[in-house]
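Novice: quick one, fold the following:
(chains A and B)
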There are 2 protein chains.
Amino acid sequence: MIMLSQDAYPTRTQQSAAILARHDPVVYDRVSRAQTVQLDQEQRASYQQNGFLMMPDLFNAEEVAFLFDAMQRMREDFTHAGRPEVIAEPGSGEVRSIFNVHRLNEIFANLVCDPRVLNVAREILGSDVYIHQSRINYKPGFNGKEFYWHSDFETWHSEDGMPAMRALSCSILLTDNSEANGPLMVIPGSHHHYVSCMGETPDENYKKSLKKQEVGVPDEILLRYLADMGGIRSCTGKAGSVIFFDCNTMHGSNGNITPYPRSNVFFVYNSIDNQLEAPRSTLQPRPEFVAAREGIAPLSPKALNID
Amino acid sequence: MIMLSQDAYPTRTQQSAAILARHDPVVYDRVSRAQTVQLDQEQRASYQQNGFLMMPDLFNAEEVAFLFDAMQRMREDFTHAGRPEVIAEPGSGEVRSIFNVHRLNEIFANLVCDPRVLNVAREILGSDVYIHQSRINYKPGFNGKEFYWHSDFETWHSEDGMPAMRALSCSILLTDNSEANGPLMVIPGSHHHYVSCMGETPDENYKKSLKKQEVGVPDEILLRYLADMGGIRSCTGKAGSVIFFDCNTMHGSNGNITPYPRSNVFFVYNSIDNQLEAPRSTLQPRPEFVAAREGIAPLSPKALNID
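Specialist: Numbering: from 1, shown residues only, chains lettered A, B, ... in the order given. This next block holds a predicted model:
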């Protein structure tokens, strides 16, 4: 007897860590929106196979300067402002991330609608989309800390009640991301597998986990297995390049002792057909700035205006 | 009036951090030992200019397997042995380094005499040499911690009383060192400049500094200046490759969240004409396993035997 009500992606249980099959598509069937086609066949196939796609130089130097400036101004305005959207580096207290930037700042509100990124999300997810989460990741120089391996979907499913793997992350590089300054590392192909993690989630886990994840941490043997199969790819690129990656791609980054910050703005597009339900646990929903539930509406493409 | 007795390389003072000129050669004039010539003109010039030299595949696969095995056995024998030569990772307690391996283990005692490494040291330093310090750096996977920027000479001069810049480090890679697993990073050209650091050295500083350096830390603005001039080079290579670098080359490494350990064996060759004096402070000399003073004798080349 098949129990239809059973969770397809169990995690944070007392059972052993395990690798389970993915039940959802990676690239969704195209709906009839011929005008939004952004990727060629090779790019679609690469994303399907590897779970990520690098698009070099999607934004030009003037746009990068404009966005970099907006990012720096936000950091200045939000440092010591005591706002919950601001996450400090463990240790130094420097600003590590600011969440909800697409609602807090008009420039980033416009940026999420730029066709170069929005239409890729719509095409891959095969539907209209909205922003589930946004943030700036500063990763300062000299003392930037690592972020350990994780699948975003494992958290979004268990802590936010995201039903299916029908979301993607879009990271717009606002400084050069080199091998040396702690670039995003992904395990190609890992998105085909769901790594169920051990351990129950404590209340208000997000307050800790946004700095350093302690539950939802993949087992070391399973990580080794995935990395042996798929390798590890460092997503390096010049400022203005964009990385798209599937919500279930295993990723992380090393720290950054170089003098050069590794700063990116980061949007999570979710399918309008994949809106959040109740968390898969007895947990309270995480706050709106981490996981959007209110005022959800499809985004419409509109080119970024830097004048 | 020039004060001849003044320290050419002052550091750990209450004065401002500063960049001072190097007074010593990088590649020393060759003495008459034609039989030990190991480097070609280009390699010598590159070392002179950049302060380091990568030599890929200096040891073959059988030799690497033999040395890797010796390294792993040492780790097993020394874990929880309560020996001062063993340095644990901050946090996890895993073995980070074992010092003095050329005296504690016959295989590494032989390895320091192998002509492929010893003769490079003799050629660059223009004299007979001995081992000032040796160690294995394990840098385990998943939780390997960063090591912040430093010049070795700054420590060896101030804490050990090494008179001149006439020493070099030789790192023999025993696992593949990739961009992702925290490889040695160097700032090319930085060895031409001496970065004087602020702050007085506490007693028994080495007990802390071998884990995490807190004095002798270069100023961030000076680091940025050196990196802007010289760039940052990641010294990646396959197991069996060897990196030689000058005692005053600014170097460090990021952490390692990959499943793959980054393990190297590391020898410091010092010129027999550059033996340690009293520390440049009122400090007690560091222990013998960190800074050799006893039984110093020139090393003679002898090929490694793995049978």
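Novice: only C-alpha atoms for contact and neighbour calcs from this point on.
Specialist: Noted.
Novice: residues of the stretch 201-307 of chain A that sit close to chain B?
Specialist: By Cα under 8 Å from any Cα of the partner chain, the residues of the stretch 201-307 of chain A that approach chain B are A:220, A:223-224, A:227, A:232, A:234, A:252-257, A:259.
Novice: can I get these in JSON lines with secondary structure?
Specialist: Formatted as JSON lines, those follow (DSSP: H, G, I helix; E, B strand; the rest coil):
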{"residue": "A:Glu220", "secondary structure": "helix"}
{"residue": "A:Leu223", "secondary structure": "helix"}
{"residue": "A:Arg224", "secondary structure": "helix"}
{"residue": "A:Ala227", "secondary structure": "helix"}
{"residue": "A:Ile232", "secondary structure": "coil"}
{"residue": "A:Ser234", "secondary structure": "strand"}
{"residue": "A:Gly252", "secondary structure": "strand"}
{"residue": "A:Ser253", "secondary structure": "strand"}
{"residue": "A:Asn254", "secondary structure": "coil"}
{"residue": "A:Gly255", "secondary structure": "coil"}
{"residue": "A:Asn256", "secondary structure": "strand"}
{"residue": "A:Ile257", "secondary structure": "coil"}
{"residue": "A:Pro259", "secondary structure": "coil"}
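Novice: so which of those residues wins on neighbours?
Specialist: Ranked by the number of neighbours (other Cα atoms under 10 Å in any protein chain shown), those place A:Asn254 first, at 31 neighbours.
Novice: what about the residue nearest to it when sequence neighbours are not counted, neighbour count?
Specialist: Spatial nearest neighbour of A:Asn254, excluding adjacent residues (Cα to Cα, 6 or more residues apart in numbering or on different chains): A:Glu146 at 4.3 Å. Neighbour count of A:Glu146, defined by other Cα under 10 Å: 23.
Novice: by mean pLDDT, flag the weakest helix or strand of chain A.
Specialist: Lowest by mean pLDDT, DSSP states H and E among the helices and strands of chain A is helix A:206-209, with a mean of 74.
Novice: would you put the C-alpha positions of that helix in PDB?
Specialist: Taking Å, rounded to 0.1, in the frame of the first residue of the first chain, the C-alpha atoms of helix A:206-209 are listed here in PDB:
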ATOM      1  CA  TYR A 206      17.100  30.500  11.600                       C
ATOM      2  CA  LYS A 207      18.700  33.000  14.100                       C
ATOM      3  CA  LYS A 208      21.600  30.700  14.300                       C
ATOM      4  CA  SER A 209      21.500  28.900  11.000                       C
END
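Novice: buried residues in that helix?
Specialist: A:Tyr206 (16 or more other Cα atoms under 10 Å in any protein chain shown).
Novice: stretch A:84-93 now?
Specialist: Buried positions in stretch A:84-93, judged by neighbour count with 16+ other Cα under 10 Å: A:Glu85, A:Val86, A:Ile87, A:Ala88, A:Glu89.
Novice: run the chain-centre distance for it.
Specialist: How far stretch A:84-93 lies from its chain's middle: 19 Å, per Cα atoms, centre = their mean, to the nearest Å.
Novice: A:Asn110 in helix, strand or coil?
Specialist: At A:Asn110 the chain is in helix, as set by three-state DSSP.
Novice: low-confidence ranges in chain A?
Specialist: Applying pLDDT under 70 to chain A picks out residues A:1-5, A:31-36, A:210-213.
Novice: how about the helices in it?
Specialist: A:41-50, A:61-78, A:101-104, A:106-111, A:115-125, A:152-160, A:206-209, A:220-230 (DSSP state H).
Novice: make TSV from those helices and add distance to B:Asn119 to it.
Specialist: Below are those laid out as TSV (distance: least, Cα to Cα, whole Å):
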stretch	distance to B:Asn119
helix A:41-50	46
helix A:61-78	50
helix A:101-104	58
helix A:106-111	59
helix A:115-125	56
helix A:152-160	52
helix A:206-209	51
helix A:220-230	38
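Novice: re earlier: phi, psi for the residue nearest to A:Asn254 please.
Specialist: Backbone torsions of A:Glu146, given as degrees, to the nearest 10, read phi -70, psi 160.
Novice: now do the contacts for it.
Specialist: Applying Cα atoms under 8 Å, 6 or more residues apart in numbering or on different chains, we find A:Glu146 in contact with A:Gly182, A:Gly252, A:Ser253, A:Asn254, A:Gly255, A:Asn256, B:Gly255, B:Ile257.
Novice: correct me, but the third one touches A:Ile187?
Specialist: No: using Cα atoms under 8 Å as the test, A:Ser253 is too far from A:Ile187 to be in contact (11.3 Å).
Novice: quick one: closest of the helices of chain A to B:Ser281.
Specialist: Ranking the helices of chain A by proximity to B:Ser281 (Cα to Cα) places helix A:61-78 first, at 42.2 Å.
Novice: now for the closest one, which elements pack on it?
Specialist: Counting contacts by 3 or more Cα pairs under 8 Å, 6 or more residues apart in numbering or on different chains; DSSP states H and E, helix A:61-78 packs against no other helix or strand.
Novice: list the buried residues of that helix.
Specialist: A:Glu63, A:Val64, A:Ala65, A:Leu67, A:Phe68, A:Met71, A:Met74, A:Arg75.
Novice: next up, the contacts around A:Ala167.
Specialist: By Cα under 8 Å, 6+ apart, the neighbours of A:Ala167 are A:Leu125, A:Asp246, A:Cys247, A:Val268, A:Tyr269, A:Asn270, A:Ser271.
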